[in-house]
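K.L.:
Test case, fold it:
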Amino acid sequence: MARTARILLVDDEVPIQRAVAPLLRARGYEVDVAGTGSEALKIARARPPDLIVLDLGLPDIEGTEVCRRIRRESTVPIVVLSARGCEADKVSALDLGADDYVTKPFGPEELLARIRVALRRVFSPDDAHSGRLQAGDLTIDYDRRRVSRGNDEIRLTPKEFELLALLARSADRVLTHRAILKAVWGANAADQPEHLWVLMAQLRKKIEPDPSHPRYLLSEPWVGYRFVTERADGA
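P.N.:
Next up, the predicted model:
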């Protein structure tokens, strides 16, 4: 990256602040810390960050509302922090424009990996908006509507390609079930997840080396799906 990335950490838990802020600074990031939603919005306007790490359980303003207000003014990547069992809040934040989420308690390397992925979309050319995307040995040619793994072309139905292209154009981001259903089948299908489950199973059988252990199309339980270009575990 040409310059140091600035991260805004928004969390009212002092132990989280004391653990995460030094971790980020040790990796070379500039870090601002806010303990409330109001303070976060003020800092975001005064010192626009390159990425925001946002806790949903803030004392003054719901994290989802902070996300909504930020999205009215900025496209800055937002990585949500959420306690276990808060799937509804995660889905709401993602539908409001958050890029990713990390569940509490979390490992530092997991958080750092999610941040690196989100920052690549800020500092690097986004291949997903060009005519072709390469992830591992999988190639997606949007213009020609063709998919191949290595030298072998994979024949997809129009709906299968539409689903794959939707996920790949938001590579490494979580898309909620509702957002995918609306994009692929229309608003009336938003509450019919069985359409998505069936299509995803068909798509995995065609593009995954091992459909029972997906490499590219990962499930985010109770939330949605993510097309992965680079596994955090190095796989």
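K.L.:
Tell me who's in contact with the spatially most central residue of the chain.
P.N.:
When the chain is reduced to its mean C-alpha position, the nearest residue by Cα atoms, centre = their mean turns out to be Arg173, at 2.4 Å. The contact partners of Arg173, by Cβ atoms under 8 Å, 6 or more residues apart in numbering, come to Asp99, Asp100, Arg226. To be clear about C-beta, it is placed using only N, CA and C from the backbone, and glycine gets the same treatment.
K.L.:
Hmm, the last one is touching Leu218, no?
P.N.:
Yes. The pair Arg226 / Leu218 is scored as a contact, 4.9 Å apart, by Cβ atoms under 8 Å.
K.L.:
For those two, indicate the residue with more neighbours.
P.N.:
Arg226 (20 against 15; other Cβ atoms under 10 Å).
K.L.:
Let's verify the more buried one: helix, strand, or coil?
P.N.:
Secondary structure, DSSP: H, G, I helix; E, B strand; the rest coil: Arg226 is strand.
K.L.:
For the helix or strand of the chain with the lowest mean pLDDT, output the C-alpha coordinates as CSV.
P.N.:
Every helix and strand of the chain was ranked by mean pLDDT, DSSP states H and E. The lowest is helix 87-95, at a mean of 83. Below are the C-alpha coordinates for helix 87-95, written out as CSV (Å, rounded to 0.1, in the frame of the first residue of the first chain):
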residue,chain,number,x,y,z
GLU,A,87,-27.4,-13.3,13.7
ALA,A,88,-30.3,-10.9,13.2
ASP,A,89,-28.1,-7.9,14.0
LYS,A,90,-25.4,-9.2,11.7
VAL,A,91,-27.8,-9.6,8.9
SER,A,92,-29.2,-6.2,9.5
ALA,A,93,-25.8,-4.6,9.5
LEU,A,94,-24.8,-6.4,6.3
ASP,A,95,-28.0,-5.4,4.6
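K.L.:
from now on call the first residue 514
P.N.:
All set: I'll call the first residue 514, so the last point we hit is now helix 600-608.
K.L.:
Now the element after it, going C-ward?
P.N.:
The first helix or strand that comes after helix 600-608 along the chain, using DSSP states H and E, is strand 613-617.
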